[in-house]
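In: Quick check, what structure comes out for this input:
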Amino acid sequence: MQANDHFGVTLKRYREARRVSQSKLAERAGFDHSYVSRLESGARTPTRDAVQQLAEAMDLERMQQDELLASAGFLPHEVSSLLSSEPEITDVLALLQNSSMPDNYRQTMRQVLRVIADQARLVLKDSDQVSVA
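Out: As a prediction, the model looks like this:
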């Protein structure tokens, strides 16, 4: 699935959940009536501003706006919102961003995370080689 397709599916899911037609959403967001159709089909790639206008026109909550932005390939307002299903990662991120955390401890946390990520990459690499064989 290409980024445009993922955005289109996400946009359609939110639009349909709000029971809004493509043309009504386009009108609310200030776009031509066919623009939403082209976005949902993947024929057009939105700008960050267009994604934001659509999110506001659907009255999406911040977390939903972030999902819509990410589905279009843009950084969300709050990166941690994309980690809502990973509470441990959210906790670690909050600790790393806490200015009260001593720098030496923050560095140790980063080193541990690098080791974990490196080990996970090795496991993936090994499993890829096994599945190819």
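
In: Please count neighbours and contacts with C-alpha atoms only from this point.
Out: Will do.

In: Tell me the secondary structure of Phe31, please.
Out: coil (DSSP: H, G, I helix; E, B strand; the rest coil).

In: these two touch, right, Leu75 and Leu69?
Out: Yes. Between Leu75 and Leu69 there is a contact at 6.5 Å, judged by C-alpha atoms under 8 Å.

In: ok, now how distant is Asp5 from Ala26?
Out: 18 Å (C-alpha to C-alpha, to the nearest Å).

In: Between Leu75 and Leu69, point out the one with more neighbours.
Out: Neighbour totals were compared for Leu75 and Leu69, and Leu69 leads with 25 against 15 (other C-alpha atoms under 10 Å).

In: all helices of this protein, in order?
Out: 3-17, 22-29, 35-41, 48-57, 62-71, 87-97, 103-132 (DSSP state H).

In: Identify, out of these, the most deeply packed stretch.
Out: helix 62-71 (a mean of 21; mean count of other C-alpha atoms under 10 Å).
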